[in-house]
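Q: Structural data only, the sequence is not supplied:
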């Protein structure tokens, strides 16, 4: 615990950070070169272990253009419009049925020719917006937050949200 801001150390100290995201127990930084660094509880970081990481560690992602840090999971969008996710996956908010995804994995779900431009994360849920204006959602659906007309049924695979015309 610190009462005064301190400049971070490690590899990140020599980089130019253009965006930062914070989850409950982890933080992410995106550099001007599209690299992702993370620190805090590593199971949310994708650092390949479930320990605490400090100073920041490189997440093994490149050409990232946007990040989102949820309560206990993270998503990243690459310049190719691909989505990568990692962290706790208790509600299927990353991908599939694994409970933990310790390293970033590509989440393939888009039709050919469609690319993700933005992602958002919430408590146990994930969202992706495409260049075609389509919204996809997956993960926890306890209150109907996936927008698919159901309540309580989680989705482990991204599903297109039926938006009114």
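A: Perfect, I can see it now. What you see is a predicted model, and the numbers here were worked out from it, not measured in a lab. Numbering: from 1, shown residues only.

Q: the bottom helix or strand of the protein by mean pLDDT?
A: Lowest on mean pLDDT, DSSP states H and E among the helices and strands of the chain sits helix 42-45, with a mean of 53.

Q: where does the spatially closest residue to residue 109 that is not a sequence neighbour land on pLDDT?
A: Among residues not flanking residue 109 along the chain, residue 158 sits closest, at 4.2 Å (Cβ to Cβ, 6 or more residues apart in numbering). No exception for glycine: its C-beta is placed from N, CA and C like everyone else's. Predicted confidence (pLDDT) at residue 158: the value is 94.

Q: Touching the helix or strand harbouring residue 158 from outside, list them.
A: Using DSSP states H and E, residue 158 maps to strand 155-160. Residues external to strand 155-160 that are found in contact with it (Cβ atoms under 8 Å, 6 or more residues apart in numbering): 92, 95-97, 107, 109, 126, 128, 134-139, 141, 146, 148.

Q: Repeat that for stretch 14-24.
A: With Cβ under 8 Å, 6+ apart as the criterion, stretch 14-24 contacts 27-33, 35, 37, 40, 44, 66-74, 87.

Q: how far does it stretch from start to finish?
A: The straight-line separation of the ends of stretch 14-24 (Cα to Cα, to the nearest Å) is 26 Å.

Q: Let's test this: mean pLDDT of it, rounded?
A: The pLDDT scores in stretch 14-24 average 93.

Q: Over to stretch 86-97?
A: For stretch 86-97, the mean pLDDT works out to 87.

Q: if we can go back for a sec, select only the buried ones of the contacts of stretch 14-24 in ChimeraX?
A: Per 16 or more other Cβ atoms under 10 Å, the buried members of the contacts of stretch 14-24 correspond to this ChimeraX selection:
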select :27,28,29,30,31,35,37,40,44,66,67,68,69,70,71,72,73,74,87
